[in-house]
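Trainee: Could you look at this predicted model? Sequence included:
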Amino acid sequence: MLTDYHNHLELGTLTNDYLMEFVNTANEKKIEHFGISEHAYHFYQTKDILRNPWVDERRYYDMKDYVALFMDAWNRNIDVKMSIEMDYTPGKHKEMEQFIRSYNFDYVIGSIHWINDFGIDLAEFRKEWDRRDLHDTYEKYYDQVVTLAESNLFDIIGHIDLVKIFKYIPDDEEFLLEQFDRATTALANSKTCVEISTAGLRKPIGKLYPDPRLLQMCYDKKIPIVLSSDAHKPEHVGADYDQAIRLAKSVGYKSLMTFNKGDRKEVPLD
């Protein structure tokens, strides 16, 4: 079986017609477990969790409309999971938990896009990489991976090594592996799964998330995985899954985790 749990409607509309473009692609790719996980910062209900000028300009959805979209889909017997991708925000655990528990999500993705006021994956902030100490940025990023895992609020961590997106990677392999090790140790002690994401192939880094060495640590520590495309366009659903499956199997994975209203079930990896 295959999963694609990380997908976004933000470039289109919260309508059944647009949703079906994603669902149809998933069906064509034989993806049995498919979900939409819109960015939480788009919703008015998260304004007490993450605030900054970039985010505030992009807060234009209401959760009641999002939930209604899925209710309509389910009434039509469309098999699509309802999720959210939440920016993990240190110091806001109580607020994040309250938001997550307010809705009947099938699963919740936690991701790290911000180090304080630094949007690490945004083109608008790319020059910041040359102004900052690379080791410090990586250490602070993986600090958040650790505390995200320790919060146990999330079912999946999105693109776990997103920090490499613009090819800024420390030359010190020992330092890098230390970050991987402490991140995976924390994840192994949590309920959080790791996604193999093909989105990195469409980014400047041109590689899958995560790094094979990081994924090997995940396997060795028995951390479950899912496959995701992080599609923002219907045609990207299930993109490059041959590479994701090959990577998963190369480190030893033979199964994926699936989700349904908070329940999880392990299934064979095709």
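Mentor: Received the coordinates, thanks. Numbering: from 1, shown residues only.
Trainee: count of neighbours near the spatially closest residue to residue 106 that is not a sequence neighbour?
Mentor: Leaving aside its sequence neighbours, residue 106 sits nearest to residue 81 (Cβ to Cβ, 6 or more residues apart in numbering; 3.9 Å). For every residue, glycine as well, the C-beta is placed using N, CA and C. Residue 81 is flanked by 21 other residues according to other Cβ atoms under 10 Å.
Trainee: separation between residue 81 and residue 90?
Mentor: Using Cβ to Cβ, to the nearest Å, one gets 27 Å for the distance from residue 81 to residue 90.
Trainee: Pretty sure the residue nearest to residue 106 sits against residue 35.
Mentor: Yes - contact status for residue 81 versus residue 35: in contact at 3.2 Å, counting by Cβ atoms under 8 Å.
Trainee: Determine the residues that are contacts of both of those two.
Mentor: Shared contacts of residue 81 and residue 35, defined by Cβ atoms under 8 Å, 6 or more residues apart in numbering, comprise 5, 106, 107, 259.
Trainee: Greatest separation within the residues you listed: which pair is it?
Mentor: 5 and 106 (8.6 Å; Cβ to Cβ).
Trainee: more neighbours, the two?
Mentor: Neighbours per residue (other Cβ under 10 Å) separate residue 5 from residue 106, with residue 5 holding more: 30 against 22.
Trainee: Quick check: closest non-adjacent residue to that one.
Mentor: Among residues not flanking residue 5 along the chain, residue 35 sits closest, at 4.6 Å (Cβ to Cβ, 6+ apart).
Trainee: Mind giving me the packing neighbours of whichever strand or helix holds residue 177?
Mentor: Using DSSP states H and E, residue 177 sits in helix 173-188. With contacts defined as 3 or more Cβ pairs under 8 Å, 6 or more residues apart in numbering; DSSP states H and E, helix 173-188 has these neighbours: helix 134-151, helix 212-220.
Trainee: Mind putting these into JSON lines with mean pLDDT and mean neighbour count?
Mentor: Shown next, in JSON lines, are the helices and strands packed on helix 173-188 (pLDDT from 0 to 100; neighbours: other Cβ atoms under 10 Å):
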{"stretch": "helix 134-151", "mean pLDDT": "98", "mean neighbour count": "19"}
{"stretch": "helix 212-220", "mean pLDDT": "98", "mean neighbour count": "19"}
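Trainee: now those as a markdown table including distance to residue 48?
Mentor: Formatted as a markdown table, these follow (distance: least, Cβ to Cβ, whole Å):
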| stretch | distance to residue 48 |
| --- | --- |
| helix 134-151 | 17 |
| helix 212-220 | 33 |
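Trainee: Relative to residue 52, which of these is closest?
Mentor: Proximity of the helices and strands packed on helix 173-188 to residue 52 was assessed by Cβ to Cβ; the nearest stretch is helix 134-151, lying at 15.6 Å.
Trainee: for the closest one, packing partners?
Mentor: Packing partners of helix 134-151 (3+ Cβ pairs under 8 Å, 6+ apart): strand 114-115, strand 156-157, helix 173-188.
Trainee: Is residue 253 part of a helix or strand, or is it coil?
Mentor: Under DSSP: H, G, I helix; E, B strand; the rest coil, residue 253 falls in the coil class.
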